[in-house]
Structure formats: structure tokens, C-alpha cells
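Novice: Quick one, what's the 3D model for this:
(one chain, ligands or ions: 1)
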Amino acid sequence: MSSIAHGTEIGIATGRAHENVVAGNDVVRHQRASRLIHWSVAVSFFIALLSGMPIWTPLFGWMAYLLGGLEVCRWLHPYAGSVFFVMSIVQFFHWRSDMHLQPGDRDWIGSKAFTYMHHADSKPDAGKYNGGQRLFFYAVTLGAIGLLLSGIVMWFPLEFPVMLRELSIWLHDITFICFLIAVITHIYLGTAAEPGTFRSMTRGTVTRAWARFHHPDWYRKVTDEETKR
Ligand code: HEM
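Specialist: Residues are numbered from 1 along each chain as shown. This next block holds a predicted model:
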């Protein structure tokens, strides 16, 4: 769907409530609800991370002091993890219509991600999100489910057989390590690597130039303007 609101206050006010509209020199990329959901996912993720790492190994014991000690972490971690899970599922349903996988997306697991990170791709994936973002989106949802299921077993250990408990510890640790690597890359791409991206999650808007450069097809749909491919 494309709609145009030209550079007026009205355009900006409308734009903040509705995504994919032009507001002056900006384009609204994430409406308020999307940003609130995203930051709830991020905040709960970091609370679960900070409370979970000191429980995992004493190497990160110092993190416990940030939250009031190890006992607080032990209590807090499963609740923060549960909030993270719930918000990830809310995020999944909120964004899934923009995240339909496309045939070339699997290339992002290897070569495409590499060329993208080195800015060597002259034809960036063009929709509102690129294949790497779509894969990350599904990985977050699957990872959240994996962390919840394995976490429940560890939360109520007496309810489950030893074998399942040991398997859950492995699943929880491996999922969390993959998550951490993916999230660090995600934060790097959303801030330092691609200037102008972070404000899409604070103000909700990006510049026209950012949209044209990173997501040309999306830009074209939103503005009805031709861009070179
Ligand atoms: C300080 C931490 C974080 C920052 C600065 C950040 C930044 C951003 C930004 C700027 C976007 C919009 C990208 C775009 O419109 O093209 C975004 C999207 C997204 N974020 Fe985050 N984020 C953070 C933490 C997280 C965490 C912890 C998760 C999940 C565990 C997460 C999951 C997502 C997902 C699934 C998307 C949509 C797909 C994508 O654009 O990659 N974010 N984030």
C-alpha cells in the first residue's frame, strides 16, 4: 500500500501513527506501536541477559551487582525471560506481514551477508526489509521459543526427567550464545554501521536518502517515485 502526505506538520503527525508514508524529507518507517514492541523485546532481552549470565558462570558474577545480587538474578531471570518470550511473540504477529520469506533469502546465511557487510552488493535487497533482516526476525522468534521451552524445564526441574534437564541446559546455552552473536551484529548494523537507521526506532522516521539507498523498492512504493535498480 502506498500513500503520500507531503511535507507538512499534518503529514508528520499522520505519519507517526501510520507507517510507510512520506513526511517532508522523511519517511515514516516504524509507527509508535512497532517501536514500543521492539523496545520491550530489547529491554526484556537485556534484563534476562544480565540476570542470566551470572547464573551461567561466575566469570560474569560482577553483572549480578548491577541487578542487586545473585539471589535477585535467580529470581528475576525466569520472569524477564518470560516477558521477552511474550513480547517476541507479539512482535512476530505485529511484523509478520512485512516479513514473508523470498526465494533468495537463504543466500543470506552465507555469501550474501558477507557481501552486504562489505558493502559489495550494488543491488541491495529492496523491500521494506532485506533477506538478512527477515531471517533475523524468524531466528528471534524461534530462539525465543527454544529459550522458553528449555527455560521452563530448568525453572521447574523436579517436574522433568534428568535426561531432559541436561538436554535443556545445552539447548538454553547454545541458543543463548547464537542469540548474543546475532544481537551484537544487529546492534552494530542498526547503529554504527548504517548511520540513519537507529532513528527509525526512536523517532520512527528515516530520511528519503536513507530509504532510497537501503530499501529502494520500499522507497518506490511509498513515494511512487522511480529509483534506479
Ligand atoms: C540496543 C539494542 C538494539 C538496537 C539499537 C536495535 C535497533 C534496531 C533498529 C534501528 C531496527 C530497525 C531496522 C530497520 O528499520 O531497518 C531494529 C529492528 C529489529 N530489531 Fe532491534 N535493536 C536492538 C535490540 C534488539 C534485540 C535485543 C532484539 C531481539 C532479541 C531485536 C530485534 C529486532 C528485530 C527482529 C527487528 C526487525 C528486523 C530487522 O530490522 O533486523 N532488536 N532494531
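Novice: what's the weakest-modelled helix or strand in the protein?
Specialist: Scoring the helices and strands of the chain by mean pLDDT, DSSP states H and E places strand 3-5 at the bottom, with a mean of 43.
Novice: buried residues in stretch 94-107?
Specialist: Using 16 or more other C-beta atoms under 10 Å as the test for burial, stretch 94-107 gives His94, Trp95, Asp98, Met99, Asp105. Where C-beta positions appear, they are placed from N, C-alpha and C, glycine not excepted.
Novice: Just put those residues in CSV and tack on pLDDT.
Specialist: Conversion of these to CSV gives the following (pLDDT from 0 to 100):
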residue, pLDDT
His94, 97
Trp95, 97
Asp98, 95
Met99, 96
Asp105, 87
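Novice: Filter these down to the ones in helices?
Specialist: Among the buried residues of stretch 94-107, the members falling in helices are His94, Trp95 (criterion: DSSP state H).
Novice: Let me have the buried residues of stretch 94-107 in TSV, adding distance to the ligand as columns.
Specialist: Converted to TSV, these look like this (distance: C-beta to the nearest ligand atom, whole Å):
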residue	distance to the ligand
His94	10
Trp95	6
Asp98	9
Met99	8
Asp105	13
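Novice: Phi, psi for Val206 please.
Specialist: With angles defined as degrees, to the nearest 10, Val206 shows backbone torsions of phi -130, psi 160.
Novice: What is the burial count for it?
Specialist: When counting by other C-beta atoms under 10 Å, one arrives at 23 neighbours for Val206.
Novice: Identify the bridge partners of it.
Specialist: Per DSSP bridges, the residues bridged to Val206 are Val27.
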